[in-house]
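Undergrad: dropping a prediction and its sequence here:
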Amino acid sequence: MRQFPNEPLIRFFDIGYTEAIMLNDVKTTREALQSQCYKLVKPNFVRRVLGEINGTGVFFEEGESHKRQRRLLTGPFSYGSIKEMLPFFDEKAQELVGVLRTSIRRKGDELVELSSLFSSVTLDIITLACLGLRMHNMTEPSPFALAYAKVFENTPWSAIMHTLNVYIPIRKLVPVKANREFLQANQTVRDLLRQQIRNKRASLEGKEKAAITDKDLLALMIKERGQGAEIWTEDEMLGHVTKLILLSGHETTAGTLTLTAHTLANHRDIQDRLRKEMTHYFPSGASLDVATIDKMPYLKNFSQEILRFYAPGIVNWREVAEDIVLAGTRIPKGTIIHIAPAALHHNASIWGPTVDEFDPDRWDNISGDAKDPFAFGSFHNGPRICIGKSFALLEYKVILIRLLQNFVFEDPEQKPLEFERGAVSLRPTGGMHLRVQPIDNKGQE
Ligand code: HEM
């Protein structure tokens, strides 16, 4: 991509010597994700890889069925509903602060591994905000968290089984330990989620809409059912919550928090400026509110920049469902398209010569193609834009505010970052070990 920054499409050979195409400019990305959205479908291999874990739900729907599901999810995911979740986010962000303070008291000056803590806090948040289930995975991993970890285990053996299973249903045919454990863990996760859906339905269905006061997404989805002829089936609901909890709703945010801590530790000036803004808007003891969070200019710029610099999703794929013309080029049915946000985010012809500098202030002065919403691809755009974007941004900002109010991050080792290969979202290898210094309530280190 760096070699051909002005080419709209990059054609290359993928696994098995098959031809594939990478979208490489803003106009073409807009065309693919907006006007040709439903002619570019989720490829079968994505269904085969993820289908074992999550075969149904909005992520896998196409055309009219996708539009219907998005319509039904609009209310639960509207900014109005997400704002009501602030107490969930803040409860867990404050629990994280407590866990970190205890760990620092115990371990003194030792470096703290933050990546697994961020995974646990975001898992706690998504299960609370999505299902109304309160877990404490930061201190004691729940059976749900343990089963979840097993499903996504990334050992060489589990990777081989996972890859083979895409082509042959090897899970059931070859009863080796890795397969038995995967099947059992996957079943545990699905049973727990199905049970929670049934419990919620039993407690809420039949109630007047106004009488449903639960703020979690599952309750909002059930509430929406009462609105007319369109209703969710239990499997559709299971599909949505599995997708939200297992695939979308927490590893992306956890990875972003991990890379945020690293960035702050390596840019003390940015860290201090962000903390100063937080102290200005939320002086010691002030409770958080969404209207004020939305007003914080540097926090907004910083969040945009971290998601530009380290786009959490590495690549999403589409398969051309019928012959199309994209950027003036005929693309035959069956071609695989790669949508990699980093290709646009690190293109100097869009962002200028400072593209590889981490600079939150750039967001006050963007011009040209960079102003186009499709230039910022972390959540994609168009009819399939990430439905959890507002959720993720508010959750991220609340956690960041609580962290910076309480801690200073330092990176004594200054090792260059390396990223996990084969992971779904961007994550550094070997965790994130930083020095975390507590700040007392007078703002002193
Ligand atoms: C930093 C955090 C996040 C990032 C970077 C992110 C990114 C994305 C991207 C790029 C897509 C489009 C995938 C595709 O079409 O191939 C997507 C879809 C989706 N995301 Fe997110 N996501 C994040 C957090 C969340 C959260 C917190 C939720 C739910 C609470 C969520 C729920 C979904 C769902 C349901 C879809 C499928 C939408 C559809 O196909 O219509 N995401 N996300």
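TA: Done, it's in.

Undergrad: residues contacting whichever residue of the stretch 301-445 of the chain sits closest to the ligand?
TA: Relative to the ligand, the nearest point of the stretch 301-445 of the chain is Gly388 (2.1 Å; CB to the nearest ligand atom). Yep, even glycine has a C-beta here, placed from its N, CA and C like the rest. Applying CB atoms under 8 Å, 6 or more residues apart in numbering, we find Gly388 in contact with Phe77, Leu244, Ser248, Gly249.

Undergrad: which of those scores worst on pLDDT?
TA: Within these, the minimum per-residue pLDDT falls on Leu244 (70).

Undergrad: for that one, which non-adjacent residue is closest in space?
TA: Ranked by CB to CB, 6 or more residues apart in numbering and with sequence neighbours excluded, the top spatial neighbour of Leu244 is Cys130, at 5.3 Å.

Undergrad: how about the residues of the stretch 1-150 of the chain near the ligand?
TA: Counting by CB under 6 Å from any ligand atom, the residues of the stretch 1-150 of the chain close to the ligand are Val58, Phe59, Arg70.

Undergrad: go with 8 Å
TA: When proximity is defined by CB under 8 Å from any ligand atom, the stretch 1-150 of the chain lies next to the ligand at 42, 57-61, 66, 69-70, 73, 77, 126, 129-130.

Undergrad: and what of the stretch 201-350 of the chain?
TA: Proximity of the stretch 201-350 of the chain to the ligand (CB under 8 Å from any ligand atom) is limited to residues 217, 240, 243-244, 247-250, 252-253, 255-256, 307, 311-313, 316-318, 339, 341.

Undergrad: give me the subset of the residues you listed lying in strands.
TA: Judged by DSSP state E, strands contain the following of those: Asn316, Trp317, Arg318, Ile339.

Undergrad: tell me which residues touch the closest residue to the third one other than its chain neighbours, please.
TA: Right, the one you point to is Arg318. Leaving aside its sequence neighbours, Arg318 sits nearest to Leu40 (CB to CB, 6+ apart; 3.7 Å). Contact analysis of Leu40 by CB under 8 Å, 6+ apart lists Ala32, Arg318, Glu319, Val320, Ala321, Ile324, Ile337.

Undergrad: which among these end up buried?
TA: By neighbour count, with 16 or more other CB atoms under 10 Å, the contacts of Leu40 hold Ala32, Arg318, Glu319, Val320, Ile324, Ile337 as buried.

Undergrad: thought Thr329 was touching the fourth one, still the case?
TA: No - with contact defined as CB atoms under 8 Å, Val320 does not count as touching Thr329 (11.5 Å).

Undergrad: how many neighbours does Gln437 have?
TA: Neighbour count of Gln437, defined by other CB atoms under 10 Å: 13.

Undergrad: ditto for Gly108
TA: Neighbours of Gly108 under the rule other CB under 10 Å: 6.

Undergrad: roughly how far does it sit from Pro438?
TA: Going from Gly108 to Pro438 by CB to CB, to the nearest Å gives 12 Å.

Undergrad: try Leu111
TA: For Leu111 relative to Pro438 (CB to CB), the value is 14 Å.

Undergrad: in the lengthiest helix in the chain, which residues are buried?
TA: In terms of residue count, the longest helix belonging to the chain (DSSP state H) is helix 177-204. Residues of helix 177-204 classed as buried: 178-179, 182, 185-186, 188-190, 192-194, 196-197, 200-201, 204 (neighbour count, 16+ other CB under 10 Å).
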